[in-house]
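next comes the sequence, and after it the predicted model I'd like to discuss.
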Amino acid sequence: MNPQWWTLFELIPVQRAFIALLIAGSTLPIVGVWIIGLNIIPVRFAMMHVALLGVALGTLAGFEPLLMGIVLCGVTGVALAPLAKRPAGLSGPMGLVMTLAIAIALLVLSLSGVNANGAFEWLWGSILATRQQDLVALVIIAGSILLVDWHYRRQLTLLLYDREIAITSGINANLLTALLMGIIAIAIAAAVRLTGALLVDALTILPAIAARNLGRSLGDMVKWAVLIGFAGNLIGFVMTLMLNQPPGPLLILTVGIITLASYTYRPKE
Amino acid sequence: MEIAWSRPISVQLHDVHFKYGDTLALRGINMSVRSGEHIAIIGGNGSGKSTLIRTILGLLTPHHGTVMIDTVMNTPATQQHIFRSVAWMPQRQHTGQFPLLVTELWQSSGNPTRAQQFGELLEVAQLHNRPLHVLSGGQLQRVFLARALGSLAGGNGLLLADEPTAALDFTGQATVAELLATIPSTMIIITHDRAMMQQCSRIYEMAGGQLREVTP
């Protein structure tokens, strides 16, 4: 244990990581709630692989690889949205996208002569390596998430409950699904770059799963998810500094234990 | 409860065909429903009743023929307008486990205050703060019915309902039938409930994808 762990906050990378985690921890769980509502939990894996394809294409074509990865994720998310109206939903297409993306990415990397591990390094970030531009990107993504949640809350409440109820209430479900899918895909790609693949779940799915156990409405779920995401990541990060261990496992464990504890809650109804 | 109901609207179907793959579910349906009429549709399982009502609403697009709601032809381009003119009560009222409060559902009707008042008449107003997934089948049906009636009170002139009383007991069925009989909006209701049929001015029967009037 590091007895003077708080002195680590004097280091700029620790400060940046702390700020990034607090911003991500209090906004990305909302994306997790949307993911659960749309029943697309495999979207994280699909988008990680699409981002890799973007990096490969960017490397081959001479564009900024990371930006290419994020843009390709956004485009893929929006392009998948029309399939949400099919009875089987989006889970199947997510698996297909994941498999195709990794296959094409490996082919493109081979053609461009880039080592596959090198391409992965573009994506697999660490919270302690957060750069100034990463923080700026995160603030933009977090702002977009909050804006969509605030502006479309009533429509989202119906869409995430039942697509048909939303449509017959006059909501443009296709447009709203496309908007959600685009933001979800971009947020995941950016979160993977920012925090690493393992930590994405601590920021998105786990707080949302716990919120589903505790919340009685979409509004409730968003509040719980944000609270758990914020508190879990804050506690996890402090433990990282105190125990002098890598952040990924400790953050996942902290949020994971909170999620596990949420299963003990029994609603009154 | 004094309600200024909006103008009831008419429905016209001309030679409507619909297929699921190679299976023809609707075979040349012609139907004319005047403004303010209450129509019951009966028929066996798989006869095409739900397909018909979903085609009228616009959730399914006919392969041939036309559906007119008031003066507007139901096409993908006019769908949003149609959805805002129709109060819809689906047969399957709940999917998944994502939470939605009763009060949130009522807010999606055109007139949440009226939906709440109809909820009182249907004895479900006290459930307003409960999530839908914890309600019984009968409670859920009453909650959705209150929403549909709130939509009618909010300006929609047509009610399309797919077995709206199937989960209710005999007393509940009679209460709902009496309530609907007092509402001047146009209604097309799929039902096997005798009390409901009795409050309708005409009865149609679906069989093998075809529709015929059987009003006694």
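That came through fine. Numbers count the residues shown, from 1 in each chain, chains lettered A, B, ... in the order given.

quick one: buried residues of the longest helix seen in chain B?
The longest helix of chain B (DSSP state H) is helix B:137-153. Across helix B:137-153, burial judged by 16 or more other Cβ atoms under 10 Å in any protein chain shown covers B:139-153. Placement of C-beta: from N, CA and C, glycine included.

near chain A, anything from it?
No. Helix B:137-153 lies out of reach of chain A by Cβ under 8 Å from any Cβ of the partner chain, never closer than 8.7 Å.

please see if the following helix or strand past that helix touches chain A.
Under the assignment DSSP states H and E, the closest C-terminal helix or strand after helix B:137-153 is strand B:158-162. No. Strand B:158-162 lies out of reach of chain A by Cβ under 8 Å from any Cβ, never closer than 9.3 Å.

and strand B:158-162, which residues are buried?
The neighbour-count check on strand B:158-162 (16+ other Cβ under 10 Å) flags B:158, B:159, B:160, B:161, B:162 as buried.

tell me the contacts of the last one?
Residues touching residue B:162, when contacts are defined by Cβ atoms under 8 Å, 6 or more residues apart in numbering or on different chains, comprise B:49, B:50, B:53, B:54, B:89, B:90, B:91, B:190.

can you redo those residues as a markdown table with secondary structure, distance to chain A and neighbour count?
Output for the contacts of residue B:162, formatted as a markdown table (DSSP: H, G, I helix; E, B strand; the rest coil; distance: Cβ to the nearest Cβ, whole Å; neighbours: other Cβ atoms under 10 Å in any protein chain shown):
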| residue | secondary structure | distance to chain A | neighbour count |
| --- | --- | --- | --- |
| B:49 | helix | 17 | 24 |
| B:50 | helix | 12 | 22 |
| B:53 | helix | 12 | 24 |
| B:54 | helix | 9 | 19 |
| B:89 | strand | 10 | 22 |
| B:90 | coil | 7 | 23 |
| B:91 | coil | 11 | 15 |
| B:190 | strand | 16 | 24 |
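
now the two most distant members of those.
Using Cβ to Cβ, the two most remote members of the contacts of residue B:162 are B:49 and B:89, lying 13.7 Å apart.

from chain B, how far out is the closest residue to residue A:180 other than its chain neighbours?
Using Cβ to Cβ, 6 or more residues apart in numbering or on different chains and skipping the chain neighbours, the partner closest in space to residue A:180 is residue A:34 (5.3 Å). Distance from residue A:34 to chain B, counting by Cβ to the nearest Cβ, to the nearest Å: 11 Å.

by contact count, what packs against the strand or helix carrying residue A:34?
Using DSSP H and E, residue A:34 sits within helix A:12-38. In terms of contacts (3 or more Cβ pairs under 8 Å, 6 or more residues apart in numbering or on different chains; DSSP states H and E), helix A:12-38 is packed against helix A:132-151, helix A:153-161, helix A:173-195, helix A:197-203, helix A:205-214, helix A:218-243.

residues in contact with the helix or strand where residue B:26 lies?
Assigned by DSSP H and E, residue B:26 belongs to strand B:23-33. Here strand B:23-33 makes contact (Cβ under 8 Å, 6+ apart) with B:10-19, B:39, B:48, B:51-52, B:55, B:62, B:65, B:186, B:188, B:204, B:208-211.

ranges for the helices of chain B?
Applying DSSP H to chain B gives helices spanning B:49-57, B:79-83, B:102-107, B:112-121, B:137-153, B:170-181, B:194-198.

using CSV, write out the CA atom coordinates for the fifth one.
Taking Å, rounded to 0.1, in the frame of the first residue of the first chain, the C-alpha atoms of helix B:137-153 are listed here in CSV:
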residue,chain,number,x,y,z
GLY,B,137,-52.8,-9.1,-17.4
GLY,B,138,-56.1,-7.6,-16.5
GLN,B,139,-54.6,-4.5,-14.9
LEU,B,140,-52.3,-4.0,-17.9
GLN,B,141,-55.2,-4.2,-20.3
ARG,B,142,-57.1,-1.6,-18.3
VAL,B,143,-54.1,0.7,-18.2
PHE,B,144,-53.6,0.5,-22.0
LEU,B,145,-57.3,1.1,-22.5
ALA,B,146,-57.2,4.2,-20.3
ARG,B,147,-54.3,5.4,-22.5
ALA,B,148,-56.2,4.7,-25.7
LEU,B,149,-59.3,6.6,-24.4
GLY,B,150,-56.9,9.4,-23.3
SER,B,151,-55.7,9.6,-26.9
LEU,B,152,-59.4,9.8,-28.1
ALA,B,153,-60.0,12.6,-25.6
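
chain center to it, what's the gap?
10 Å (Cα atoms, centre = their mean, to the nearest Å).

other SSEs contacting that helix?
For helix B:137-153, the packing partners by 3+ Cβ pairs under 8 Å, 6+ apart are strand B:86-89, helix B:102-107, helix B:112-121, strand B:158-162, helix B:170-181.

mind checking pLDDT for residue 145?
With no chain named, the answer covers chain A. At residue A:145, the pLDDT value in this model is 96.

oops, chain B please
94.

give me the nearest residue to it, chain neighbours excluded.
Using Cβ to Cβ, 6+ apart, the closest residue to residue B:145 is residue B:164 (5.6 Å).

what about the spatially closest residue to residue B:70 that is not a sequence neighbour, how many neighbours?
Closest residue to residue B:70 apart from its sequence neighbours, by Cβ to Cβ, 6+ apart: residue B:9 at 3.9 Å. Counted with other Cβ atoms under 10 Å in any protein chain shown, residues neighbouring residue B:9 total 21.

with residue A:4 instead?
8.

next, it: phi, psi?
Dihedral angles of residue A:4 (phi, psi; degrees, to the nearest 10) stand at phi -120, psi 50.

and residue A:80, by the same measure?
According to degrees, to the nearest 10, residue A:80 has phi -80, psi -20.

just to check, it is in contact with residue A:93?
Yes. Judged on Cβ atoms under 8 Å, residue A:80 makes contact with residue A:93 at a distance of 5.7 Å.

which one's more surrounded, those two?
Between residue A:80 and residue A:93, residue A:80 has the larger neighbour count (other Cβ under 10 Å), namely 23 against 19.

mind listing what that one touches?
By Cβ under 8 Å, 6+ apart, residue A:80 lies in contact with A:90, A:93, A:94, A:97, A:181.

if we use 6 Å, what do you get?
Contacts here follow Cβ atoms under 6 Å, 6 or more residues apart in numbering or on different chains; on that basis residue A:80 touches A:93, A:181.

need the pLDDT of it.
pLDDT recorded at residue A:80 is 89.

from residue B:121, how far out is it?
Distance, residue A:80 to residue B:121, using Cβ to Cβ, to the nearest Å: 44 Å.
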